[in-house]
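In: Fold the following for me, if possible:
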Amino acid sequence: MVWCREQVGMRHMMEALLLRTSTTSRLPFAARYGLTTLLVLLVCAVRMMLGSLLTASPFLLFVPAVFLAAVLFNAGTGLYATLLSAVLVVYFFIEPVGTLTLNTHVAVSLGFYVGIGGLIAGLTGTLRRAMERARAAERAKDLLLHEVNHRIRNDLQILTSLVSLQRHKTSSPEARQALGVAMERITVLARVYDRLSHHDSTTVVDTHDFLSSLVDDLRTALVGERPITITEQLDRVALTLECALPLGLIINELLTNALKYAFPGAQCGRIEISFVQRADTFVLRVRDNGVGLSEAQPPGRGLGQQLVHRLATQLSGTVLITGDAGVCVEMRFPVPSCLAPSVPALQHSAASGTLS
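Out: Below you'll find the model as predicted:
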């Protein structure tokens, strides 16, 4: 297991190195081969200063130079570094010094060195090309995703405008109320898209920013001058869009109903919002100290409650509603299916309230 982790770490380091040297690989031909020549000559000078220390392995010191040339530039410069260093080793460090005479032993060693150098250069070049193609595909995907999200946000705004227009033309109070609720739910979807971010090519929503903004919007729209306090516990969790959408709708439903129905008239009250991670489970809790279930609806009958239960099912979650000294709604859903890849889990907060 440790060996596997080390191999993955080395692969990631190699990929990062190749990506950071993408600019050097696009240098002019003369610059790339001139710098490679200087690199090999520098290693040759160091080898000369070492004297007889590496007599048994005359090619050893040049292997890193071949690898570095291939990484910094391309496979061609790596192969050039291999051939140039082979000539220098034979001429300066193998008897008889000052000639290019080869005996059988030296010829075999030289063949192995050239083969290994060529393999290093070829593999490095192949890996570089694969990384550059992957990077280009990632950029194209990000652009496409950005365009899709932009179009979705525009479509949601158009839909909200159409529902609003229809609401103003409708004379029935019940229909106007239903259309108003529909507008609120469409607005929640728009808020999610407005707070999209990209992490490791995965569309994710920072729940701290998203939920905090959502609560602020509802506070501004529904609390006004009423003596109602909303407290939040919001740590950061990066959730995939598939999880953030139903979570945002659930919180909107719970907090909206708490603000509308838990505190009739000018009654003062408190709503506590929490969204935390406990081991492998996310816990959303919405609690108020309002009139409770005795004066509100019993659990499970209202349209809002049915919507919350269905959305919780999308998250593979469960909902528990209790009505002692107000209403407390607790939803639990598993972490692994919703946590965005490669994002550390942090904790957060949500909304509590009575359901309609």
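
In: Can you pull out the low-pLDDT segments for the protein?
Out: Along the chain, the parts satisfying pLDDT under 70 run over 1-22, 145, 188-189, 191-203, 221, 224-225, 294-302, 336-356.

In: mind checking the longest helix of it?
Out: For the chain, the helix with the greatest residue count under DSSP state H is helix 104-169.

In: and that one, what other elements does it pack with?
Out: Contacts defined by 3 or more C-beta pairs under 8 Å, 6 or more residues apart in numbering; DSSP states H and E place helix 104-169 against helix 2-20, helix 63-72, helix 75-93, helix 173-194, strand 196-199. Bear in mind the C-beta positions are built from the backbone N, C-alpha and C, glycine included.

In: which secondary structure element contains the residue of the chain positioned farthest from its centre?
Out: Distance from the centre of the chain peaks at residue 96, with 60.0 Å (C-alpha atoms, centre = their mean). Using DSSP states H and E, residue 96 sits in no helix or strand.

In: Look up how far residue 85 lies from the residue nearest to residue 68 when sequence neighbours are not counted.
Out: Spatial nearest neighbour of residue 68, excluding adjacent residues (C-beta to C-beta, 6 or more residues apart in numbering): residue 39 at 6.6 Å. According to C-beta to C-beta, to the nearest Å, residue 39 and residue 85 sit 10 Å apart.

In: cool, residue 168 as well?
Out: Residue 168 is 81 Å from residue 85, by C-beta to C-beta.

In: Tell me which of these two has more neighbours.
Out: residue 85 (27 against 9; other C-beta atoms under 10 Å).

In: Doesn't residue 283 belong to a strand?
Out: Yes. According to DSSP: H, G, I helix; E, B strand; the rest coil, residue 283 belongs to a strand.

In: ok, now which ones touch it?
Out: By C-beta atoms under 8 Å, 6 or more residues apart in numbering, the residues touching residue 283 are 274, 275, 276, 277, 330, 331, 332.

In: Specify the beta-bridge partners of it.
Out: Judged by DSSP bridges, the bridge partners of residue 283 are residue 276, residue 332.

In: quick one: it from residue 253, how far?
Out: 17 Å.

In: re the thing from before, what about the residue farthest from the centre of the chain, distance to residue 332?
Out: From residue 96 across to residue 332, the span is 81 Å (C-beta to C-beta).

In: try residue 209
Out: Counting by C-beta to C-beta, the gap from residue 209 to residue 332 is 23 Å.

In: Likewise for residue 228?
Out: Distance, residue 228 to residue 332, using C-beta to C-beta: 26 Å.

In: more crowded one of those two?
Out: Using other C-beta under 10 Å, the more surrounded residue of residue 228 and residue 332 is residue 228, with 21 against 17.

In: What values do phi and psi take at the residue nearest to that one when sequence neighbours are not counted?
Out: The spatially closest residue to residue 228, leaving aside those adjacent along the chain, is residue 269, at 5.2 Å (C-beta to C-beta, 6+ apart). Dihedral pair for residue 269: phi -170, psi -180, per degrees, to the nearest 10.

In: Tell me how many other residues surround residue 269.
Out: So residue 269, with other C-beta under 10 Å, has 18 neighbours.

In: Surely it is in contact with residue 291?
Out: No. The criterion here is C-beta atoms under 8 Å, and residue 269 misses it with residue 291 at 9.0 Å.

In: Need the overlap of contacts for these two.
Out: 262, 263, 326.

In: quick one: contacts for the second one?
Out: Taking C-beta under 8 Å, 6+ apart as the criterion, residue 263 is in contact with 226, 228, 269, 288, 290, 291.

In: Look up the closest residue to the fifth one, ignoring the ones flanking it.
Out: By the measure of C-beta to C-beta, 6+ apart, the closest residue to residue 290 outside its immediate chain neighbours is residue 262, 2.7 Å from it.

In: what separates that neighbour from residue 163, distance-wise?
Out: Taken as C-beta to C-beta, the span from residue 262 to residue 163 is 26 Å.

In: Of the two, which one has the most company?
Out: residue 262 (25 against 18).

In: How is this structure partitioned into domains?
Out: For the chain, the structural domains run 2-135, 202-334, going by automatic domain parsing.

In: Minimum distance to residue 146: which of those has it?
Out: Closest approach to residue 146 among the domains of the chain (C-beta to C-beta): domain 202-334, 9.8 Å.

In: how far out from the middle of the chain is that closest one?
Out: How far domain 202-334 lies from its chain's middle: 26 Å, per C-alpha atoms, centre = their mean, to the nearest Å.

In: and if you look at stretch 72-86?
Out: 37 Å.

In: what's near enough to touch residue 230?
Out: When contacts are counted by C-beta under 8 Å, 6+ apart, residue 230 touches 215, 219, 223, 255, 270, 271, 273, 351.

In: Out of those residues, list just those in helices.
Out: The helices, defined by DSSP H, take in 215, 255 from these.

In: With neighbour count as added columns, please give the contacts of residue 230 in JSON lines.
Out: Shown next, in JSON lines, are the contacts of residue 230 (neighbours: other C-beta atoms under 10 Å):
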{"residue": "215", "neighbour count": "22"}
{"residue": "219", "neighbour count": "17"}
{"residue": "223", "neighbour count": "15"}
{"residue": "255", "neighbour count": "26"}
{"residue": "270", "neighbour count": "17"}
{"residue": "271", "neighbour count": "29"}
{"residue": "273", "neighbour count": "28"}
{"residue": "351", "neighbour count": "31"}
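
In: Show only the entries of the contacts of residue 230 found in strands.
Out: Among the contacts of residue 230, DSSP state E puts 270, 271, 273 in strands.

In: surely the second one meets residue 288?
Out: Pointing back at residue 271 there. Yes. Residue 271 is within contact range of residue 288, at 4.7 Å (criterion: C-beta under 8 Å).
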